[in-house]
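Student: please find the sequence and the predicted model below.
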Amino acid sequence: MKSVFVMAAVVLFVSAKSQTAPAKEKIVKRLPAVRALQKIVIDADLSDAAWKDAPVATDMVEWRPTFGVVEEEKNKTEIRILYDNNAIYIGGFCHEASRDSISSELVGRDVVGVNDFVGVLFDTYNDKINGFGYYVTPLGEQFDAKYSSNGEDGSWSSVYETASKIVEGGWVFEMRIPYAAIRFSNVKKQDWGINITRRRSKSGKQYMWNPTDPTVGGNFFAQFALWTGIEDIKPPVRLSFSPYVSTYLNHYPYNTPGVNNTATSVTGGMDVKYGINQAFTLDMTLIPDFGQVQSDNQVLNLTPFEVKYNENRSFFTEGTELFGKGNLFYSRRIGGTPLHHDDVSAQLKAGESILANPSQTSLINATKVSGRTSSGLGIGFFNAITNAQYATVGGPGKETRKIETDPLTNYNIIVFDQSLKRNSSVSFINTNVTRSGKDYDANVSAFLWDLYDKKNDWNLFGKVGTSQLIGYQPDGKTLAGYTHNIGIGKTGGRFNLNFSQELADNKYNSNDMGYFTNNNFVDHSLWMGYKWVKPHGFYNRLNLNFNGYYSMRYKPWDYQMARVNVNLNGQLKNLWYAGIFINYLPQQNDFYEPRMAGRVFKRPERLVYGLWMESNGAKAFSTSFEGDFASFTSLASGGAELYFRNRYRFNKKLTLTMNTNLVSYYNNLGFATINGSNEVIIGARIRSTVENIFNVKYNFNNKMGITFRARHYWGKVNYDRYYVLNPDGGLAPTTTRYDDVANYNVNYFNIDMVYTWQFALGSFVNLVWKSSSSTFDQRVGDPYFKNLDNSLAAPQLNSLSLRVIYFLDYLSLKKKS
């Protein structure tokens, strides 16, 4: 087995040594900025007289799979750009040999799907790190993104106009980007970084106007062209309001005297965006309503750590790239589980029971300010306030009373991010949680750096941070902790590597506003990768990677775990993607599985291997598969995880997708319970999971659509044998059974059905039906379909809601008045 990993490392080093790196001439195209002198109507018709004066960007260069090839004449792209005092205008003709060569699908806003598209990306401060992208498909649908050193933020949204039309010989589009939708400096004459990208999905090719070499390290904005000579444009007053009103009809069969099965409510609020100046924008949500967000994918959690869920609330995903610095912000903390939610039972008096214990806190308001100055300084400020939360307890003959589970709480973040030359940056971030009353407060800070050499071939990166839990210790003193992450990487060329050390002492804790599992570690990571970027033989692109990981406990110093991984992946000539991998993990000291401080479980060594594939997504039918297989050296244990995804597009409007995920492990060792003698019990168990997700998408047009999503999750754990955990981490068999506290059988069933209509720019009507049920028992012998029947028969919480949100732009209102 060791020979496999040694061979992979040798191949990487030999490939790195043999590669040549001749000096490459950097190409920077230039497009002169020209004013529109006549009116342009956004209707996908380029016959407006103004377009005759527009300079043309053409001769695009293939980005992938084969870098450097100029587009063919029959597939030529012609892009024209103009501007005036109010907006940027973009018109384009994307030539195709036939209509059948165009890949198009109605998928809704901010979804790519299998569509061909054209995107125009602007680096308005020309710092070669940050920018904005505006995209359009052949059917006129939009998606936009904001770019930074953190990568692409597709959740960011702006309001701009597009129109597209499929015509003889290709497809044509027009786009109008008002200055309110983009940020730039207030300088009389400016040059912006610019690039234009086009994807032809059926051919698997994507082009860039300015060549973008995949072997050049750093941010791809460093390889942009220039839009030169922009004059006398001024950032407008950026002020918009999005008032909303929502109404809910909820039903749950309590079937309890005095408790209504049906409840109704009406809520209203507003989102506000205000451009403080040309660089900074204030976003505020007043009396927010998140009742229509997609249901969480709940699971049976057998790990000692919290499950990390996706953020589906748009306010916390749009334009938050600055707040992600240092990985200190987990937005689900805001409005999440109350601090003392699980402490209520310990405060019950004789004869009392818990009548209500809300699992979420109530958000009063949230505000964020973010932007970047012309000198490249990005500043972000975030603040949110949640109301105090209470559990209700009582009992027969007892007076009902309230127990506070979460105090009035203020959440705050401030970020400074300075862009430097050569795609480099330095950053500072501070997060703070302040609670009213006697509960502790939390303050976490970090300084980060990301530095590249002149050629973007080498990268130094790192983070140094501290945490302070104020009033956390029993004597009321502050618990202070330290962390750092320091590394070096080779980013240029076809051979890349990355080596880093991450440390967190035994007092560091960022959990109050971040996602945090554990501290007290010193980790070392090594990654080496070699990529073949030109098509050859059976592949278009190929990547060979080697990963090594070694973890020690910080205090007391001790070995925790190690892992070695080798993987090979790439795109094949038929536009399929595929990969294989193998992992080896020697015996580890698991200090967390016992759920008791000072104890360790010596987890046996294991081997994990697998493969995955994904077919050409541009076809009407596409599929993907992943199989992971594990074997352990003890107890003849092992298992498999299988993931299937099948999608069929009936036409441009209707698509069905089915995801099936299967997990099965036998003789899997894991925590069972702590018995009455305070002994940690580990069990050999059967773990099984079946998850099915069925999606239907139907779009009436590019402004209106309906989606249906049904998910059923079944997870069970059935213990076969039990062991007492010895002080040395070994296991001693026991005949005592703990099935009544260790076995679990869990079902979650959810439906999310959403009708969306964009009836005006930035204005939507959403009609949503949500249904959910769950079961939690110990019937581990029931087969899958019995569990599905039980899920459907369980009491269902049904919610029908209507939400109308209307976009009001100050400049438009002023113009009309």
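Tutor: Arrived safely.

Student: note down every partner strand of the host helix or strand of residue 664 and its orientation.
Tutor: If you go by DSSP states H and E, residue 664 is part of strand 654-674. Strand 654-674 has the following sheet partners, assigned by DSSP bridges: strand 638-649 (antiparallel), strand 680-701 (antiparallel).

Student: quick check: buried residues in the last one?
Tutor: Buried residues in strand 680-701, defined by neighbour count with 16 or more other Cβ atoms under 10 Å: 680-693, 695, 697-699. (Glycine included, C-beta is placed from N, CA and C.)

Student: from residue 598, how far off is residue 355?
Tutor: Separation of residue 355 from residue 598 (Cβ to Cβ, to the nearest Å): 38 Å.

Student: hang on, I meant residue 618
Tutor: 56 Å.

Student: which one of those two has more residues nearby?
Tutor: Counted by other Cβ atoms under 10 Å, residue 618 and residue 598 do not tie: residue 618 has more neighbours, with 19 against 7.

Student: let me know the secondary structure of that one.
Tutor: Classification of residue 618 by DSSP: H, G, I helix; E, B strand; the rest coil places it in coil.

Student: give the contact list for it.
Tutor: Residue 618 makes contacts with 103, 114, 201, 202, 204, 575, as judged by Cβ atoms under 8 Å, 6 or more residues apart in numbering.

Student: residue 518 too?
Tutor: 305, 592.

Student: helix/strand/coil for it?
Tutor: Recorded secondary structure, residue 518: coil (three-state DSSP).

Student: do you know how far the residue of the chain most remote from its centre is from residue 350?
Tutor: Distance to the chain centre peaks in the chain at residue 397, reaching 50.2 Å (criterion: Cα atoms, centre = their mean). Using Cβ to Cβ, we find residue 397 at a distance of 11 Å from residue 350.

Student: what of residue 362?
Tutor: Residue 362 is 31 Å from residue 350, by Cβ to Cβ.

Student: of these two, who's got more company?
Tutor: Neighbour totals were compared for residue 362 and residue 350, and residue 362 leads with 13 against 6 (other Cβ under 10 Å).

Student: apart from its neighbours in sequence, what residue is nearest that one?
Tutor: residue 387 (4.4 Å; Cβ to Cβ, 6 or more residues apart in numbering).

Student: ok, that neighbour touching residue 407?
Tutor: No - if you go by Cβ atoms under 8 Å, residue 387 and residue 407 don't touch, sitting 9.4 Å apart.

Student: residue ranges of the helices in this structure, please?
Tutor: 2-18, 739-742, 784-793, 810-816 (DSSP state H).

Student: comparing residue 387 and residue 407, which residue is more hemmed in?
Tutor: More crowded of residue 387 and residue 407, by other Cβ under 10 Å: residue 407, with 19 against 14.

Student: ok, now which ones touch that one?
Tutor: Residue 407 neighbours (Cβ under 8 Å, 6+ apart): 339, 388, 435, 436, 437, 439.

Student: recalculate using a threshold of 6 Å.
Tutor: Counting by Cβ atoms under 6 Å, 6 or more residues apart in numbering, residue 407 makes contact with 388, 435, 436, 437, 439.

Student: any idea what the second one is bridged to?
Tutor: Counting by DSSP bridges, residue 435 is bridged to residue 409.

Student: any idea of the pLDDT on it?
Tutor: Residue 435 is assigned 97 on the pLDDT scale.

Student: I'd guessed it sits against residue 408; true?
Tutor: No - here residue 435 does not reach residue 408: they are 7.4 Å apart, not a contact under Cβ atoms under 6 Å.

Student: what about those two, which has more around it?
Tutor: Applying other Cβ under 10 Å to residue 435 and residue 408 shows that residue 435 carries more neighbours, namely 20 against 16.

Student: what's the burial count for the residue nearest to residue 292 when sequence neighbours are not counted?
Tutor: Closest residue to residue 292 apart from its sequence neighbours, by Cβ to Cβ, 6+ apart: residue 768 at 4.5 Å. By the measure other Cβ under 10 Å, the count of residues near residue 768 is 21.

Student: and residue 768, how close does it get to residue 709?
Tutor: As for residue 768, its distance to residue 709 is 11 Å (criterion: Cβ to Cβ).

Student: and for residue 642?
Tutor: 21 Å.

Student: also residue 174?
Tutor: Residue 174 is 34 Å from residue 709, by Cβ to Cβ.

Student: which of these two has more neighbours?
Tutor: residue 174 (25 against 18).

Student: endpoints of stretch 321-341, how far apart?
Tutor: Chord length of stretch 321-341, first to last residue, is 31 Å (Cα to Cα, to the nearest Å).

Student: also stretch 197-207?
Tutor: Note: stretch 197-207 ends 5 Å apart using Cα to Cα.

Student: what's the answer for stretch 591-606, then?
Tutor: End residues of stretch 591-606 are separated by 18 Å (Cα to Cα).

Student: and it, how far out from the chain middle?
Tutor: Its chain's C-alpha centre and that of stretch 591-606 lie 31 Å apart, by Cα atoms, centre = their mean, to the nearest Å.

Student: got the buried residues for it?
Tutor: Buried residues in stretch 591-606, counting neighbours by 16+ other Cβ under 10 Å, are found at 591, 592, 593, 594, 599, 600, 601, 602, 603, 606.

Student: pick the one among those closest to residue 108.
Tutor: Closest approach between these and residue 108, by Cβ to Cβ: residue 592, at 41.6 Å.

Student: quick check, that closest one in contact with residue 304.
Tutor: Yes - using Cβ under 6 Å, residue 592 is in contact with residue 304, at 4.4 Å.

Student: quick one, what contacts residue 607?
Tutor: Here residue 607 is in contact with 584, 631 (Cβ under 6 Å, 6+ apart).

Student: bridging residues for it?
Tutor: Here residue 607, judged by DSSP bridges, has bridge partners residue 584, residue 631.

Student: what number of residues lie near residue 98?
Tutor: 10.

Student: now it: how far from residue 166?
Tutor: 11 Å.

Student: ok, back up a step: between the contacts of residue 618, which has the most around it?
Tutor: Counting by other Cβ under 10 Å, top hit in the contacts of residue 618: residue 201 with 24 neighbours.

Student: now it, nearest residue through space, not along the chain?
Tutor: That would be residue 103: by Cβ to Cβ, 6+ apart, it lies 3.7 Å from residue 201.

Student: what does residue 152 give?
Tutor: Spatially, and ignoring its direct neighbours in sequence, residue 152 is nearest to residue 145 (5.0 Å; Cβ to Cβ, 6+ apart).

Student: could you check how far that neighbour is from residue 197?
Tutor: The value you get for residue 145 to residue 197, if Cβ to Cβ is used, is 11 Å.

Student: the residue nearest to residue 152: what's it in contact with?
Tutor: Here residue 145 is in contact with 133, 152, 154 (criterion: Cβ under 6 Å, 6+ apart).

Student: do that again at 10 Å, thanks
Tutor: If you count contacts by Cβ atoms under 10 Å, 6 or more residues apart in numbering, residue 145 has them with 110, 119, 121, 131-135, 151-158.
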